[in-house]
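Peer 1: My questions concern the predicted model and sequence given below.
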Amino acid sequence: MQNKYIYLGLFSLMLSLAACSSSNDNDPVEPVLPVDPPVVVTPPPVADAVFNVQITNLTNAQPLSPVGIVFHAQGFNAFVDGDPASLGIEQLAEGGSNAELLAEAQAATEYLVSASTDGPVPPRSISDVVELRFPSDQLDTARLSLATMLVHTNDAFSALNAVNISNMEAGDTLEFFGPTWDSGTEANDELGINMPGPDFGGEGFNSVRNDIFDRVHFHQGVVTNVSVESGLATADLVERHRFDNSTTKVIVTRTE
Amino acid sequence: MNKKLISLAVITAATLSAQNDAQAATLTVDITNLTRGMSFTPRLLVAHNENIDLFEPGTPATRALAWMAEGGVIVNSQNAASANSNFEYLLTRPENIANNTFQAFGLGGPPLPPATRSNSYTFDSQDFEYLSLVTMLIPTNDAFAGLDSWKIPTEPGTYTVTLNAYDSGTEANDEINATRTDVIEGGTGAALGGYAVPGMAGSGNPNATNVGVGGTGVAIQIQAGELADDAEDREGAVHIHRNIVGDTDPNGGISDLDSTVHRWLNPVARMTITVN
């Protein structure tokens, strides 16, 4: 609003200057400052674009931590393949907390709105509907990102990374499938003492970064103790914890 | 706390207006098996509206889906015992018949082998908006490749979609060869294989190659010659299949599948769909 007043003020000033100079070419004229108060223009209220987001956990035995959901303008990325994870992604992927990730998003200039599912999404189930809204004049460049930890892992997470929802009209539904990343921040030892959740209750977030390399990359799947030939004998993960992509299905519906 | 699926309600609202301009479309469809070691049972192709869903990840399977995923059975002619619960039955029920049109492809022929593209199927989708397909992966307990309510484009052209492998959640993944005679179902004494029985249907099919014997069981284990697939052993709802485990011992180990032959990663199939 402040900017608009200033613009209007300058505009009237320029108009008055132009008027003065054209009618008095040879006379030195003191510039006349406008005396009118700034014109107050009340912009028509911008209606909200309203979205319902619902997440299906496609895994057999991996609870999903509370899903952090963000609408933002093009240009923001919660993570970049091949780059080190932010602290927010590290805390989410190791410990299942989305608080820092959402705080990072809120601090970005591209931020529009964010929310979290009420709680974890159990395996083979569909989450509650989460409603989010932002002014519809922001829709042109709007993107959707979300992330959630596969809880029975060291640091796996399923995500959507800035998918384009800007073309959605009221009534439209889009479906996305989330692949699985490794945050690159914790070694995949598959030990219960290093994995949280109902099956293990081990440690979640630890700021030490001890993965093979400290970069976000696609997860290669858990190894587990199931197979004599190709397994990891020391793993506490078992056959049922395995997963293949996709690990989440996301239904996005614009209702208004 | 609305546990209800939002998709159906919203799609209903969205499609009321679209229904008028939907055109009867003839589709030409083929499917490519992208796997190294799985074959596809007869393919069920269904054009439908928002009132029918062949499967929905995160929710329990219908009996019709279990017949397809556990035994590859979709129509009566394949198995008379399925007549009151297979997809032919479900899709022709009075409450469903106006909501879909369907056709089975590959009946009577061999399953579609690994790394093979099918013939072209001609399919009249009438004026239905969505296309779905299911086909069982053999040899497995209850894996299937699924296309879930793909919106048929109104623009003529050729489209490509890829399919993931799902687990119907109706049978434990024991990975036991159903042709084995040294194992029976616990409790019933029934032979293995097929709908509602442990063991992998299709183990004896000539296209289901490299199936071994002597495995002790993966998700559940054989005990004294019996294999019991109790309710708590089944996953309970449709989800993305976690892939088979297998082993490299054709006469023992935990699995009768071969880990160097039968494993896959998604996607497992590609469909090309031409809207004429």
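Peer 2: Received, thanks.
Peer 1: Poorly predicted segments of chain A, please.
Peer 2: Scanning chain A for pLDDT under 70 picks out A:1-34, A:228-230.
Peer 1: show me where it has strands.
Peer 2: A:48-57, A:68-73, A:111-116, A:130-135, A:142-149, A:156-164, A:173-178, A:180-182, A:217-218, A:248-254 (DSSP state E).
Peer 1: Just send those strands back as CSV, with distance to B:Thr122 and mean neighbour count too.
Peer 2: Quick note: C-beta positions are derived from backbone N, CA and C, even for glycine. Formatted as CSV, the strands of chain A follow (distance: least, CB to CB, whole Å; neighbours: other CB atoms under 10 Å in any protein chain shown):
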stretch, distance to B:Thr122, mean neighbour count
strand A:48-57, 33, 23
strand A:68-73, 43, 25
strand A:111-116, 46, 20
strand A:130-135, 43, 17
strand A:142-149, 38, 26
strand A:156-164, 35, 22
strand A:173-178, 27, 19
strand A:180-182, 38, 23
strand A:217-218, 39, 13
strand A:248-254, 31, 24
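Peer 1: Distance to chain B added to these, as JSON lines?
Peer 2: Formatted as JSON lines, the strands of chain A follow (distance: least, CB to the nearest CB, whole Å):
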{"stretch": "strand A:48-57", "distance to chain B": "4"}
{"stretch": "strand A:68-73", "distance to chain B": "14"}
{"stretch": "strand A:111-116", "distance to chain B": "15"}
{"stretch": "strand A:130-135", "distance to chain B": "10"}
{"stretch": "strand A:142-149", "distance to chain B": "14"}
{"stretch": "strand A:156-164", "distance to chain B": "11"}
{"stretch": "strand A:173-178", "distance to chain B": "5"}
{"stretch": "strand A:180-182", "distance to chain B": "10"}
{"stretch": "strand A:217-218", "distance to chain B": "11"}
{"stretch": "strand A:248-254", "distance to chain B": "4"}
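Peer 1: Would you format the ones you listed as a markdown table with distance to B:Trp67 included?
Peer 2: Listed next are those as a markdown table, based on distance: least, CB to CB, whole Å:
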| stretch | distance to B:Trp67 |
| --- | --- |
| strand A:48-57 | 23 |
| strand A:68-73 | 37 |
| strand A:111-116 | 40 |
| strand A:130-135 | 36 |
| strand A:142-149 | 33 |
| strand A:156-164 | 31 |
| strand A:173-178 | 26 |
| strand A:180-182 | 31 |
| strand A:217-218 | 35 |
| strand A:248-254 | 24 |
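Peer 1: who wins for proximity to B:Tyr159 among those?
Peer 2: Nearest to B:Tyr159 among the strands of chain A is strand A:173-178; the distance by CB to CB comes to 15.6 Å.
Peer 1: got the CA positions of the closest one in CSV?
Peer 2: Extracted C-alpha coordinates of strand A:173-178, given in CSV (Å, rounded to 0.1, in the frame of the first residue of the first chain):
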residue,chain,number,x,y,z
THR,A,173,-7.9,-32.0,-9.2
LEU,A,174,-4.2,-33.0,-9.8
GLU,A,175,-2.5,-36.1,-8.7
PHE,A,176,1.2,-36.3,-7.9
PHE,A,177,3.4,-39.2,-6.9
GLY,A,178,6.3,-38.6,-4.5
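Peer 1: Touching it from outside, list them.
Peer 2: Applying CB atoms under 8 Å, 6 or more residues apart in numbering or on different chains, the contact partners of strand A:173-178 are A:58, A:146, A:158-160, A:163, A:165, A:168, A:245-254, B:7, B:10-11, B:14, B:164.
Peer 1: I'd like the distance from stretch A:91-100 to the chain centre, please.
Peer 2: 13 Å (CA atoms, centre = their mean, to the nearest Å).
Peer 1: Contacts only, for the closest residue to B:Ala191 other than its chain neighbours.
Peer 2: Nearest non-adjacent residue to B:Ala191, counting by CB to CB, 6 or more residues apart in numbering or on different chains: B:Ile184, 6.6 Å away. By CB under 8 Å, 6+ apart, the residues touching B:Ile184 are B:Ala190, B:Ala191, B:Leu192, B:Gly225, B:Glu226, B:Leu227.
Peer 1: any idea of the pLDDT on the last one?
Peer 2: Reading off the per-residue confidence, B:Leu227 sits at a pLDDT of 96.
Peer 1: do the same with the first one
Peer 2: Confidence at B:Ala190, expressed as pLDDT, is 93.
Peer 1: Burial check on the nearest residue to it once chain neighbours are set aside, number of neighbours?
Peer 2: Nearest residue to B:Ala190, sequence neighbours excluded (CB to CB, 6+ apart): B:Val197, at 5.6 Å. The number of residues packed around B:Val197, counting by other CB atoms under 10 Å in any protein chain shown, is 19.
Peer 1: and what of the one 4 residues further on?
Peer 2: B:Ala201 is flanked by 26 other residues according to other CB under 10 Å.
Peer 1: That one and B:Ala208 touch, don't they?
Peer 2: No: if you go by CB atoms under 8 Å, B:Ala201 and B:Ala208 don't touch, sitting 9.3 Å apart.
Peer 1: Quick check: neighbours shared by these two?
Peer 2: Common contacts of B:Ala201 and B:Ala208 (CB under 8 Å, 6+ apart): B:Ile138, B:Pro139.
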